[in-house]
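**Student:** Provide a 3D model corresponding to the input given below.
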Amino acid sequence: MSALAIRGGYVVGVDSVELADVLIVDGRIAQVGTIDAPPGVEEIDASDCWVGPGFVDRRTHLREP
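**Tutor:** Numbering: from 1, shown residues only. The predicted structure follows:
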């Protein structure tokens, strides 16, 4: 089993944004909220970061103010 805990980020859902943790087990989201990760799980500090399932903004223009 491989697992990853993303801690303290702004988790973007379909119709909400909440400050939460995300536990990913074997490549799938297992839990969102306040999580109790198993010992030895790799953890990422996502403080002040947005956490989402994958964003692609095709209308982004680089180097514009």
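
**Student:** And the residue nearest the centre of this protein?
**Tutor:** What sits nearest the mean C-alpha location of the chain, by C-alpha atoms, centre = their mean, is V51, with 3.5 Å.

**Student:** Tell me what that one is bridged to.
**Tutor:** Beta-bridge pairing of V51 under DSSP bridges involves V11.

**Student:** contacting residues for it?
**Tutor:** Counting by C-beta atoms under 8 Å, 6 or more residues apart in numbering, V51 makes contact with I6, G9, Y10, V11, V12, V22. Heads up, the C-betas are built off the backbone N, CA and C, glycines and all.

**Student:** Check G27 too.
**Tutor:** So G27 contacts S2 (C-beta under 8 Å, 6+ apart).

**Student:** how close does it sit to L19?
**Tutor:** 24 Å (C-beta to C-beta, to the nearest Å).

**Student:** Could you do V32 as well?
**Tutor:** Going from V32 to L19 by C-beta to C-beta gives 11 Å.

**Student:** Alright, that wraps it up for me.
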